[in-house]
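Trainee: Model the following, please.
(one chain, ligands or ions: 2)
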Amino acid sequence: MQEKYNQGMLRDNALEGKVIAITGGGTGLGRSMGEYFLRLGARLAICGRREEKLKQASAEMEKEFGGEVFYTSCDVRNYEEVEAFRDKILNHFGKVDVLLNNAAGNFISPAERLSPGAFDAVIDIVLKGSKNCTLAFGKHWIENKQTNKVVLNIVTTYAETGSAFVVPSAMAKAGVTAMTRSLAVEWAKYGIRFNAIAPGPFPTKGAWSRLLPGNIAEKLNVEQEVPLRRAGEHQELANLAAYLVSDFAAYMNGEVVIIDGGEWLQGAGQMNFLEVVTPDMWDWIEKATRGSKE
Ligand code: HXC
Ligand code: NAP
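Mentor: Ligands and ions are numbered 1, 2, ... in the order given. Down below sits the predicted model:
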C-alpha cells in the first residue's frame, strides 16, 4: 500500500470561512500548518517578532496556495502587542475563529548554567505568550458572545514527563498543558474549545539549530529514538492540526494528542532496552527463564 502520510487528509474547503491566527506562523511548523489551512480554504493571520520574515512568508504562501495571509509583527510576551495583533485581525478580516499558540523559544543547557534571564527567555515566550494570546482572544470572544471558537496549543511530550536539559521549556509547556485542560472545562460554556498537540521530532531549522546544533543530529541519530525509525513529516502534523481546528472535531475538547511515532513511550518502558537483544541471546534467555522454576 502506498504511504499516505505526505498527503492532505481533509476534504477540499474543509476550513472555508475560518480566520485562523497563528503565532510564530512565518517559520517551521507554524508555517506548515498555516499552508495546509490555506489549502483548505481558511484565511490566515500570522505573527512573530521579525516583520521581514513574516512579509516574505506571507507573499510566498499566497503565491503558492492562493487565499489571504495577513501578517504583523507582534511579540507575544507583551500583552499590549497581543491585543494590537488581535485588533488588527478584527479590522482586517472582521472576525477571528481560531487561535493557534505555536510560538516558542527553547535551547539545550544544564539548568545550573542558566541565568534567571535565560529561564525567563523561554518561559516568557511559551507560557506567558500563550497566556497573553489566550486571554486577549478569549476575552474578545466572551465579551462579544461569539461561539464556535477554538484554541489549539502546541506543547511537547515532555510537558507530561519533564525532561533534563530543557527545564524552562518543560516547565512552560507543562503550564500550557494545564491551561489547555483547565479552560477546556471553564470556557466550554462560552463555546470555546481547547486542545493541544504534543509533537515528537519534526525537523525544523528553529528547533534543530537550538536542540541539535552542529552535527549532533547526525551523531545522535534521532530517528533511532523513535520506534517507527523516522522523524515526522510536516504534513502529518498539519493533518492533525487541521482536524482539531475544524468543525469535524466539535466534540474534541481538553485533549492533548501526541504525534511522535511512539518516541516518548520508547523512553518510558522499563524493559524497552531489550531491543538490542539478538535472536541467539533470546534462545539463551528463554532457556534460562523457563528453567527458573527449578
Ligand atoms: C544559555 C542562553 C542561551 C544558551 C540565550 N541565553 N541563549 N543561556 N545557553 N544557549 C540567555 C542569554 O544569555 C540571556 O541571559 C537570556 O538567555 C536571553 O537571551 P536573548 O538572546 O536576549 O533572548 P531572546 O532574544 O529573547 O531569544 C530567546 C531565545 C532564542 C529562546 C534564547 O533562542 C529565540 O529567539 N528562540 C525562538 C525560536 C526557537 O527557540 N525555536 C525552537 C523551538 S523548538 P541574561 O542573563 O543576559 O538575561 C521547541 C521544541 C521542543 O520548542 C521539543 C523538541 C522535541
Ligand atoms: P521555529 O520555527 O523556531 O518556530 C518558533 C516561532 O515562534 C518562530 O516563528 C518565531 O518567530 C516565533 N516566536 C518566538 N518568540 C516569539 C515571540 N516572543 N513573539 C512572537 N513570536 C515568537 O520552531 P518550530 O520547530 O517550528 O516550533 C513550532 C512549535 O512546535 C513550538 O511550539 C515548538 O515548541 C513546537 N515543537 C516543535 C517540535 C519539533 O520537532 N520541531 C517538537 C515539539 C514541539 P520570531 O523569531 O520571528 O519571533
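Trainee: who touches residue 248 in this structure?
Mentor: Residue 248 is in contact with 10, 14, counting by CB atoms under 8 Å, 6 or more residues apart in numbering. C-beta coordinates here come from the backbone N, C-alpha and C atoms, glycine included.
Trainee: now do residue 142
Mentor: Residues counted as contacts of residue 142 (CB under 8 Å, 6+ apart) are 187, 190, 192.
Trainee: most surrounded residue in these?
Mentor: Neighbour counts for these (other CB atoms under 10 Å) peak at residue 192, which has 23 neighbours.
Trainee: what about the residue nearest to it when sequence neighbours are not counted, how many neighbours?
Mentor: Using CB to CB, 6 or more residues apart in numbering and skipping the chain neighbours, the partner closest in space to residue 192 is residue 149 (4.7 Å). Residue 149 is flanked by 21 other residues according to other CB under 10 Å.
Trainee: Residue 149 reaches residue 188, doesn't it?
Mentor: No. Counting by CB atoms under 8 Å, residue 149 stays clear of residue 188, with 11.1 Å between them.
Trainee: Now stretch 207-223: buried residues?
Mentor: 207-208, 210-212, 217, 222 (16 or more other CB atoms under 10 Å).
Trainee: What lies in contact with whichever strand or helix holds residue 266?
Mentor: Residue 266 belongs to helix 263-268 when assigned by DSSP states H and E. For helix 263-268, contacts defined as CB under 8 Å, 6+ apart pick out 157-158, 160-161, 200-201, 225-227, 258, 272.
Trainee: and those residues near ligand 1, which?
Mentor: When contact is defined as CB under 6 Å from any ligand atom, these meet ligand 1 at residue 201.
Trainee: filter the contacts of helix 263-268 to the buried ones?
Mentor: If we count by 16+ other CB under 10 Å, the contacts of helix 263-268 have these buried: 157-158, 160, 200-201, 225-226, 258.
Trainee: Next step: those restricted to helices.
Mentor: Under the assignment DSSP state H, the buried ones among the contacts of helix 263-268 contribute 158, 160 to helices.
Trainee: And the buried ones among the contacts of helix 263-268, which is closest to residue 182?
Mentor: Distance ranking of the buried ones among the contacts of helix 263-268 against residue 182, using CB to CB, places residue 160 first at 15.5 Å.
Trainee: how about the nearest residue to the closest one, chain neighbours excluded?
Mentor: Using CB to CB, 6+ apart and skipping the chain neighbours, the partner closest in space to residue 160 is residue 177 (7.2 Å).
Trainee: Near the one you found, how many other residues are there?
Mentor: So residue 177, with other CB under 10 Å, has 18 neighbours.
Trainee: May I have the predicted confidence score for the closest residue to ligand 1 within the stretch 51-200 of the chain?
Mentor: Scanning the stretch 51-200 of the chain for proximity to ligand 1 using CB to the nearest ligand atom identifies residue 117 as nearest, at 1.9 Å. On the pLDDT scale, residue 117 is placed at 98.
Trainee: near ligand 2, anything from the strand or helix carrying it?
Mentor: For residue 117, the host element (DSSP H and E) is helix 116-123. No. Using CB under 6 Å from any ligand atom, we find that helix 116-123 stays clear of ligand 2, coming within 9.2 Å at best.
Trainee: For that helix, which residues meet the burial criterion?
Mentor: 119, 121-123.
Trainee: Tell me how many other residues surround the closest residue to residue 130 other than its chain neighbours.
Mentor: Excluding the flanking residues, the one nearest residue 130 by CB to CB, 6+ apart is residue 101, at 4.2 Å. Residues near residue 101, counting by other CB under 10 Å, number 29.
Trainee: tell me the two of the buried residues of stretch 207-223 that are most distant?
Mentor: By the measure CB to CB, 210 and 222 form the most distant pair in those, at 14.0 Å.
Trainee: is it true that the residue nearest to residue 160 touches residue 156?
Mentor: No. Residue 177 is not in contact with residue 156 according to CB under 8 Å; the separation is 9.0 Å.
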